[in-house]
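Q: Let me see the structure of the following:
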Amino acid sequence: MKLISIQIFPSGLSGWQSDLLKFGSNITQLFGANGCGKTPIVQSIAYCLGYPSIFRNDIYDRCNNVILEVDTAKGHLKIKRIYSKSVDIEVTEPDGETQRFFDEKEYSTYLFEWLGLKVDNLVTNDNKSTNPYLSSMLPIYYLDQDDGYNKFYSPPRNFIKDQFSEMMRMVFDLPIKNSFDQKKERIKAKERLDYLDKQVGLHARGVEIAKQDAALIKKTSVQLTQEITEFESEIEQLKSSGANHDDSISVLDRLISKHRSAVTDLIFEISEIKKRNNGIFQIVHEINTEIETLNLNEEARRVFLSFEEICGSSNCQLFSSSSDAYSKNLLYLKDQIKDLERNTEIDKIKIDRIQQQKTSIEDLIQSIVEERNKSLEKSEISALVDAISELKNQIFELQSQRSDIEKVEILENKHFKIISDRNKALEKSQSFSSERNSIPGLLKLKADLRQYFLNWLEELNTNNISRDITFKDDFTPYLGSETISQLKGSTRTRAVLAYHAALLELMAEHECFSFKFLILDTPKQHEIHNDDLNRYIKSLKKLCSEHDVQIVFSTTEYHYDGNEQDVEWNPKYQGEKQLMFLRKNPIIVTS
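A: Numbers count the residues shown, from 1 in each chain. Take a look at the predicted model:
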């Protein structure tokens with residue numbers, strides 16, 4: 001989801017309203033003095049997305065509703081929410097159909113499903129069944145002015161067991177940590193894993209067969225397409241340029257030359273395979289010689305053991321180590337011979353196929369030569385028809401080869417998709433075991449998050465924080481032995497800003513974007529030097545450009561100078577003491 005625009009509408013003749021404010025593609029900056037109305041606008045973004053923002057009474061009294069327009073993979077949504085202490089949200093879908101919600105749970109379920117996020121039955125802190133809410137997930141993407149900078153994750157309510165972990169797992173499509181329907185889900189996960197295991201095997205076999213069919217085709221689909229285009233172009237030239245007898249013979253000569261070149265390549269390939277096989281025979285001979293030497297050494301050992309003067313005890317261990325080494329070496333050498341013999345058999349099959357292809361091309365050459373010789377005695381028209389016919393035969397053969405290559409590519413892509421689905425199913429199945437924290441996908445995310453977090457701490461010039469980052473409950477950082485609550489002032493603010501930027505980068509790198517934005521409601525600029533904040537915003541700008549994400553932030557002191565992909569919103573309506581973002585309603589406005 002990306003943000004398009006927002007507008008606040010008035011309540012009555014004395015109500016307040018805003019202009020239609022359009023978000024930038026990268027960065028949207030609300031710049032103005034304290035008290036000019038930045039926070040109500042920023043809060044209203046999250047409010048439309050289901051966050052239970054609390055406004056001052058004058059907003060409830062003077063503003064009727066706010067409309068937020070967003071872009072999603074399924075099209076534009078127009079979200080209208082009434083300013084009220086209860087839920088009243090109307091969503092207009094791309095086809096014009098409207099949905100209205102008076103319950104946060106129903107609205108959350110609707111929007112999660114619209115964005116393609118899987119909604120599972122989770123467990124509350126009281127061990128009851130519940131579903132995730134938008135207000136549980138949005139604090140990952142939205143830092144409100146009051147509590148957003150005090151913790152790494154500051155939701156309005158923390159009612160779900162391992163809530164932050166569950167929301168992050170939902171974002172990254174990982175198996176949930178606490179399933180209310182665990183037993184049923186475990187059975188379903190096992191059945192799906194078994195099914196996908198079989199599918200992986202079937203697809204692997206399909207890819208193998210397709211590769212065998214296309215084994216002798218040395219060109220890519222792009223190269224084959226280019227050759228087809230060249231032949232088609234040659235046919236058009238023969239048709240349109242009034243080609244004479246010599247032109248038609250020349251076409252057949254070029255085809256003969258091309259096929260003879262292909263035969264030469266095949267002969268060279270056969271020669272190389274035979275050379276390799278001769279080398280393999282020599283290696284096998286040398287291995288057999290080594291085996292004979294080992295056998296002689298073993299026989300000598302047994303002779304020594306027969307002399308009581310050397311080894312009189314029945315439990316003599318004098319040559320035990322050499323005996324063990326003999327067994328291991330013998331098995332190793334015999335395995336090598338098996339591998340080499342297997343490769344030789346594969347090469348024999350390959351030579352047979354190449355010979356067949358060579359014979360086929362030689363027969364084709366012979367038929368074209370005969371056709372050429374006949375064409376010398378035919379009329380120009382007949383020779384032209386024969387030349388075009390041979391070109392079309394070549395096109396048909398190349399199209400057949402291209403079809404075989406493309407079939408391999410399609411099957412390989414399907415196989416890769418099945419393997420990816422199977423790996424996810426395996427992770428979900430493993431999530432029901434006692435080793436839930438060892439899911440490979442989770443371990444990779446935590447490793448990446450740690451590195452990104454360290455990088456963003458450096459961007460903000462963050463001192464007095466241990467770089468020994470570990471995680472509790474999957475995603476909550478421990479800074480050495482310290483928690484976020486032990487940090488004070490600007491250090492805590494920098495750590496929170498760095499962490500959320502790291503999360504945004506993590507989502508970008510893993511292409512797990514449900515909400516493609518990060519909203520920062522007035523970072524505590526008096527605690528962070530402007531140079532550090534400027535470096536942080538510019539690094540976020542780079543992230544926006546590379547991954548098509550948005551940053552929205554309000555600011556009082558620091559000012560960011562953007563480009564054409566960014567916008568700046570400023571207050572421009574005269575209030576009692578200063579310029580304001582909201583203005584009094586000059587006329588009756590309906591919406």
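Q: Residue ranges in the stretch 301-450 of the chain under the pLDDT threshold?
A: Confidence mapping of the stretch 301-450 of the chain against pLDDT under 70 gives the ranges 301-331, 333, 375-381, 383-384, 386, 431-438.
Q: Would you state the strands of the stretch 51-200 of the chain in chain order?
A: 63-72, 75-82, 89-92, 98-101, 122-123, 129-130, 142-143 (DSSP state E, counting those that start in this stretch).
Q: Of all these, which one comes closest to Val369?
A: Proximity of the strands of the stretch 51-200 of the chain to Val369 was assessed by C-beta to C-beta; the nearest stretch is strand 75-82, lying at 62.1 Å. Just so you know, the C-beta spots here come from the backbone N, C-alpha and C atoms, and that holds for glycine as well.
Q: Using CSV, list the CA coordinates for the closest one.
A: C-alpha atoms of strand 75-82 as CSV (Å, rounded to 0.1, in the frame of the first residue of the first chain):
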residue,chain,number,x,y,z
GLY,A,75,-6.3,-0.9,-7.2
HIS,A,76,-7.1,2.5,-5.5
LEU,A,77,-9.0,2.6,-2.2
LYS,A,78,-10.8,5.8,-0.9
ILE,A,79,-11.0,5.5,2.9
LYS,A,80,-13.4,7.9,4.7
ARG,A,81,-13.5,8.0,8.5
ILE,A,82,-15.7,10.1,10.7
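Q: Let me know the angle separating it from strand 63-72.
A: Strand 75-82 and strand 63-72 are oriented at 160 degrees to each other (axes from the mean of the first three to the mean of the last three C-alpha atoms, to 10 degrees).
Q: which helix is the longest one in this protein?
A: helix 245-305 (DSSP state H).
Q: For the stretch 1-150 of the chain, give me the ranges with low pLDDT.
A: Along the stretch 1-150 of the chain, the model assigns pLDDT under 70 to no residue.
Q: what about Phe112, neighbour count?
A: By the criterion of other C-beta atoms under 10 Å, Phe112 has 20 neighbours.
Q: again, but for the one 3 residues further on
A: Residues near Leu115, counting by other C-beta under 10 Å, number 15.
Q: Now do the contacts for it.
A: Applying C-beta atoms under 8 Å, 6 or more residues apart in numbering to Leu115 gives the contacts Met1, Thr72, Ala73, Ser514, Phe515.
Q: Equivalent analysis for Leu426, please.
A: Applying C-beta under 8 Å, 6+ apart, the residues contacting Leu426 are Leu193.
Q: distance of it from Gln282?
A: 45 Å (C-beta to C-beta, to the nearest Å).
Q: Kindly report the same for Gln199.
A: For Gln199 relative to Gln282 (C-beta to C-beta), the value is 44 Å.
Q: same deal with Ile349?
A: Counting by C-beta to C-beta, the gap from Ile349 to Gln282 is 21 Å.
Q: circling back: so can I have a markdown table of the contacts of Leu115 showing distance to Glu90?
A: A markdown table is the format used below for those (distance: C-beta to C-beta, whole Å):
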| residue | distance to Glu90 |
| --- | --- |
| Met1 | 17 |
| Thr72 | 17 |
| Ala73 | 21 |
| Ser514 | 22 |
| Phe515 | 20 |
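Q: Among these, the buried ones, what's the PyMOL command?
A: Restricted to buried positions by 16 or more other C-beta atoms under 10 Å, the PyMOL selection for the contacts of Leu115 reads:
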select buried, resi 1+72+514+515
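Q: thinking again about what came up before, helices or strands next to the longest helix of the chain in the packing?
A: Under the contact definition 3 or more C-beta pairs under 8 Å, 6 or more residues apart in numbering; DSSP states H and E, helix 245-305 sits against helix 221-240, helix 320-375, helix 380-430.
Q: Run the chain-centre distance for the helix or strand just after the last one.
A: Toward the C-terminus, helix 380-430 is succeeded by helix 440-459 as the next helix or strand (DSSP states H and E). For helix 440-459, the distance between its averaged C-alpha position and the chain's averaged C-alpha position is 17 Å (C-alpha atoms, centre = their mean, to the nearest Å).
Q: buried set for helix 440-459?
A: Gly441, Leu442, Leu445, Lys446, Leu449, Arg450, Tyr452, Phe453, Trp456, Leu457, Glu459.
Q: What's the local residue count around Lys577?
A: 9.
Q: For Gly35, see how far away it is.
A: As judged by C-beta to C-beta, Lys577 and Gly35 stand 8 Å apart.
Q: With Leu518 instead?
A: For Leu518, the distance to Gly35 - C-beta to C-beta - is 25 Å.
Q: now do Ile469
A: 38 Å.
Q: do Gln430 as well
A: Where Gly35 is concerned, Gln430 sits at a distance of 53 Å (C-beta to C-beta).
Q: Looking at the two, which one has more neighbours?
A: Applying other C-beta under 10 Å to Gln430 and Gly35 shows that Gln430 carries more neighbours, namely 19 against 13.
Q: Once you drop chain neighbours, what's closest to that one?
A: Of all residues beyond its chain neighbours, the one nearest Gln430 is Ile439 (5.8 Å), with distances taken as C-beta to C-beta, 6 or more residues apart in numbering.
Q: How many residues are close by that neighbour?
A: 22.
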